[in-house]
Each structure stands twice: as structure tokens, then as C-alpha cells.
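# Got a predicted model here, sequence first, then my questions.
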Amino acid sequence: MKFYIEFNPCKECKEMIKEIKEGFPTDDNSQKFLRHLTYNHSEIGQAIIDEFPKEEEKEHFPWFQ
Ligand SMILES: [Zn+2]
């Protein structure tokens, strides 16, 4: 996901991205990750919200709708 490269992830971010990329169940991980971004990286959180929704990404983020 392109927003990964648009900010400097902290340690928690990196761990969550790693989990998501390694194929752990994505709904919980994605939701946790967006919550983390919203609270800890408010600028990127807003950027993601502006970016959404796109049809193909809705499938990966059903909780976002
Ligand atoms: Zn972070």
C-alpha cells in the first residue's frame, strides 16, 4: 500500500506492517494499524482517509466503510 512510504513509520508501525505483509489475518491488523495511525500519526491517518475509498482497497478494508 503506497501510504506506507509517505511517512516514517515508528517501531509499532513497522511491526504492524510486517504482520500485515506476512499474511496474518488482515481485518484486525489493518484496523489496529489505522487506529494507531489516527492516534499517533494524525497527518498520515488523514491522508489515508482522504485516499479512501477505492474499490479495490475496500476489499482489504471492509471496516473502513
Ligand atoms: Zn507508528
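That came through fine. Numbering: from 1, shown residues only.

# all helices of the protein, in order?
Remark: helices assigned in the chain by DSSP state H are 11-21, 26-40, 42-51, 55-58.

# of all the ones you listed, which lies closest to the ion?
Of all these, helix 11-21 sits nearest to the ion, with 3.4 Å by Cβ to the ion. The way it works is simple: take the backbone N, C-alpha and C, and place the C-beta from them, glycine included.

# Report the buried residues of that closest one.
13, 16, 19-20 (16 or more other Cβ atoms under 10 Å).

# I would like the residues contacting it, please.
4, 9, 26, 29-30, 32-33, 36-37, 40-41 (Cβ atoms under 8 Å, 6 or more residues apart in numbering).

# Is that helix in proximity to the ion?
Yes: on the criterion Cβ under 5 Å from the ion, helix 11-21 is in touch with the ion at 12-13.

# Please spell out the segments of the protein that come in under the pLDDT threshold.
For the chain, residues meeting the criterion pLDDT under 70 lie at 1-6, 24-26, 45, 48-49, 51-65.

# Any residues of it in contact with the ion? List them.
10, 12-13, 40.

# how about a cut-off of 6 Å?
9-10, 12-13, 36, 40-41 (Cβ under 6 Å from the ion).

# Drop anything exposed from the residues you listed.
Counted by 16+ other Cβ under 10 Å, these give 9, 13, 36, 41 as buried.

# before we move on, the earlier item: so which of the residues of the chain next to the ion comes closest to Asp50?
Asp50 lies nearest to His41 out of the residues of the chain next to the ion, by Cβ to Cβ, at 14.0 Å.

# Right, I'll call it a day here.
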